[in-house]
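In: fold the following and give me the result.
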Amino acid sequence: MQSIKQVLSGDSLDMPVRIRGWIYRTRSSGGIVFAVIRDSTGIVQTTVKKGTVSDGDFESASNAGIESAVEVQGTLAEDNRAPGGLEIRASGFKVVAFSEPFPITEYQSTELLLDQRHLWIRSREQTAVMRVKAAMLRGGREWFHENDYVEVTPPMITGVASEDSTQLFQIKYFDRIAFLSQSAQFYLESLIFSCERVWTLTPSFRAEKSRTPRHLAEYWHLEMEAAWVDNEGNMKVQEELVAAMLECAADECPAELQLLGRDPATLRKIAPPFDRMPYAEAMEYLQKNGFDALWGSDLGAVEERALTKDRETPLFIVNYPKELKPFYMKGNPDDPRTYKNSDLLAPEGYGEIIGGSERETDNALMIERLKDKGESLDNYQWYLDLRKYGSVPHSGFGLGLERMVTWVCKLEHIRDSIPFPRTVARVYP
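Out: Numbering: from 1, shown residues only. Reported below is the predicted structural model:
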């Protein structure tokens, strides 16, 4: 049995082939059934002629509807009318399982497609996104391995907020209250004192009541922490990691990227170093372009789009004001109003994909910031302990995988970057 990708590779022309998959489209014309078959690797047309196959096989082919599971054997031949210019001329056509009338047809509403998500993920577009996403992860994992990072497994149930405590999902944890993790950062920081360089890929949960094309309540978070790394070194890691992920996607999934409207060549061109723009300069740029952007204003989707819509490579915005960012970031001695941090914005207007910073090592400063936010120090005692026993300069970041996939795959909405999106309005199926 061969995959459709193998069959279409060019080595099987005029040769016997065998495939299995599902009917993507089907129509009949007199004594011929034209069935386009899909598997996880692609699509190919098969022609089933009456008299060329058994009567039973022809009847099965005639009666099999969209999404019926089939096995086909025959000869691969050229035909300019077929998708891709090749077709399988069947000598046998076996229906493994007939499908009931498929509930998804052309031009369905977004809500219906979300209600039928368990079926819609069979679409070629969704399959392509998942394969590209897998290739990006493989590229990232290989980069971390080659650079001596240790993959670790932090908990998803936590007692503290790493960022905004108002955006935590609260759960009953036996006889107490706990929360679903927003970030593994604190746990990763504790691990740098043994492993030095660590990373993880975990789900993160944000209870934001945001209904935008770039927000999910549950998403996959690729995070890193490293000892002896300052903010500039942190950005260098991000550049190299992103480039490695893009290169792997371009190398392994060119057909899938092209199906989604992305030229793989544009990804191969993206290489370090990425441009850096101070937050203050970003505010000036936005003001000159008609935005009401004052010092202390956060960058939303509209502002980030304005900064990057004409760019072909990612852009770092560095040194945000302290009031916009969490308490654990290192102060910037060159401008005490700001932290030594960065957000990496994807090009073409897709917005933030990574947030990172050098971490504060002065417990007194962090305690003061926590008190200013009204947080209980008891909840953070274990985290503060990390600075008491051999603290070192260190940095880290979090990459929102689905946001990066949305950019790479040129998606209009982040919900299509994940098989089963969880949003404010949706937890089914």
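In: quick one: the helices in the stretch 151-300 of the chain, in order.
Out: Assigned helices in the stretch 151-300 of the chain, in chain order: 185-195, 231-252, 254-259, 264-268, 279-288 (criterion: DSSP state H, counting those that start in this stretch).
In: mind listing what's buried along the second one?
Out: Judged by neighbour count (16 or more other C-beta atoms under 10 Å), helix 231-252 contains these buried residues: 231, 234-235, 237-250, 252. From N, CA and C alone the C-beta is placed, and that goes for glycine too.
In: cool, and stretch 91-107?
Out: Buried, per 16+ other C-beta under 10 Å, within stretch 91-107: 91, 93-95.
In: looking at the residues you listed, which is nearest Glu304?
Out: The closest of these to Glu304 turns out to be Val95 (C-beta to C-beta; 50.5 Å).
In: backbone phi and psi for the closest one, please?
Out: phi -90, psi 120 (degrees, to the nearest 10).
In: repeat for Phe420
Out: According to degrees, to the nearest 10, Phe420 has phi -130, psi 90.
In: closest to Asp79 out of the helices of the stretch 151-300 of the chain?
Out: Closest to Asp79 of the helices of the stretch 151-300 of the chain is helix 254-259 (C-beta to C-beta; 19.8 Å).
In: mean confidence (pLDDT) on that closest one, please.
Out: Helix 254-259 shows a mean pLDDT of 97 in the predicted model.
In: same check, this time on stretch 42-59
Out: In this model, stretch 42-59 has a mean pLDDT of 97.
In: repeat for stretch 63-77
Out: Per-residue scores along stretch 63-77 average to 98.
In: okay, buried residues for it please.
Out: Result for stretch 63-77 [16+ other C-beta under 10 Å]: buried residues 64, 66-70, 72-74, 76.
In: same question, stretch 400-420
Out: Applying a neighbour-count criterion of 16+ other C-beta under 10 Å, one finds 400-409, 411, 414-418 buried in stretch 400-420.
In: alpha carbons only: can I get that stretch in CSV?
Out: The C-alpha trace of stretch 400-420 is given here as CSV (Å, rounded to 0.1, in the frame of the first residue of the first chain):
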residue,chain,number,x,y,z
GLY,A,400,2.3,31.4,21.3
LEU,A,401,2.4,28.5,18.8
GLU,A,402,-1.1,29.1,17.3
ARG,A,403,-0.3,32.8,16.7
MET,A,404,2.9,31.8,14.8
VAL,A,405,1.0,29.2,12.8
THR,A,406,-1.7,31.8,12.0
TRP,A,407,1.1,33.9,10.4
VAL,A,408,3.0,31.1,8.7
CYS,A,409,-0.2,29.6,7.2
LYS,A,410,-1.8,33.0,6.3
LEU,A,411,-4.9,32.3,8.3
GLU,A,412,-7.6,34.8,8.8
HIS,A,413,-8.5,33.6,12.4
ILE,A,414,-6.5,31.9,15.0
ARG,A,415,-9.2,29.3,15.6
ASP,A,416,-8.1,27.5,12.4
SER,A,417,-4.6,27.0,13.8
ILE,A,418,-5.7,24.4,16.3
PRO,A,419,-7.9,21.3,15.8
PHE,A,420,-10.5,22.1,18.5
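In: skipping adjacent residues, who's closest to Glu360 in space?
Out: Nearest residue to Glu360, sequence neighbours excluded (C-beta to C-beta, 6 or more residues apart in numbering): Lys330, at 5.0 Å.
In: check Glu87 too.
Out: According to C-beta to C-beta, 6+ apart, the nearest residue to Glu87 is Gln45 (4.3 Å).
In: and after the helix or strand hosting that neighbour, which helix or strand comes next?
Out: Gln45 belongs to strand 42-49 when elements are defined using DSSP states H and E. If you walk from strand 42-49 toward the C-terminus, the next helix or strand you reach (DSSP H and E) is helix 55-63.
In: next structured bit after that next one?
Out: That would be, after helix 55-63 and using DSSP H and E, strand 69-78.
In: how far does that following strand sit from its chain's centre?
Out: Centroid separation between strand 69-78 and its chain, computed with C-alpha atoms, centre = their mean, to the nearest Å, is 34 Å.
In: quick one: that strand to helix 55-63, angle?
Out: Calculated by axes from the mean of the first three to the mean of the last three C-alpha atoms, to 10 degrees, strand 69-78 forms an angle of 100 degrees with helix 55-63.
In: who does strand 69-78 touch, helix- and strand-wise?
Out: Applying 3 or more C-beta pairs under 8 Å, 6 or more residues apart in numbering; DSSP states H and E, one finds that strand 69-78 contacts strand 16-29, strand 32-39, strand 86-97.
In: distance of the residue lying farthest from the centre of the chain from Phe93?
Out: Of all residues in the chain, Gly51 has its C-alpha farthest from the mean position, at 48.7 Å, by C-alpha atoms, centre = their mean. Distance, Gly51 to Phe93, using C-beta to C-beta, to the nearest Å: 13 Å.
In: now do the domain split for the protein, please.
Out: 4-97, 117-417 (automatic domain parsing).
In: turn these into JSON lines, columns for distance to Tyr428.
Out: Below are these laid out as JSON lines (distance: least, C-beta to C-beta, whole Å):
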{"stretch": "domain 4-97", "distance to Tyr428": "21"}
{"stretch": "domain 117-417", "distance to Tyr428": "8"}
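In: quick one: contacts for Met366?
Out: 327-328, 360, 384, 387 (C-beta atoms under 8 Å, 6 or more residues apart in numbering).
In: just checking, it is part of a strand?
Out: No - going by DSSP: H, G, I helix; E, B strand; the rest coil, the assignment for Met366 is helix, not a strand.
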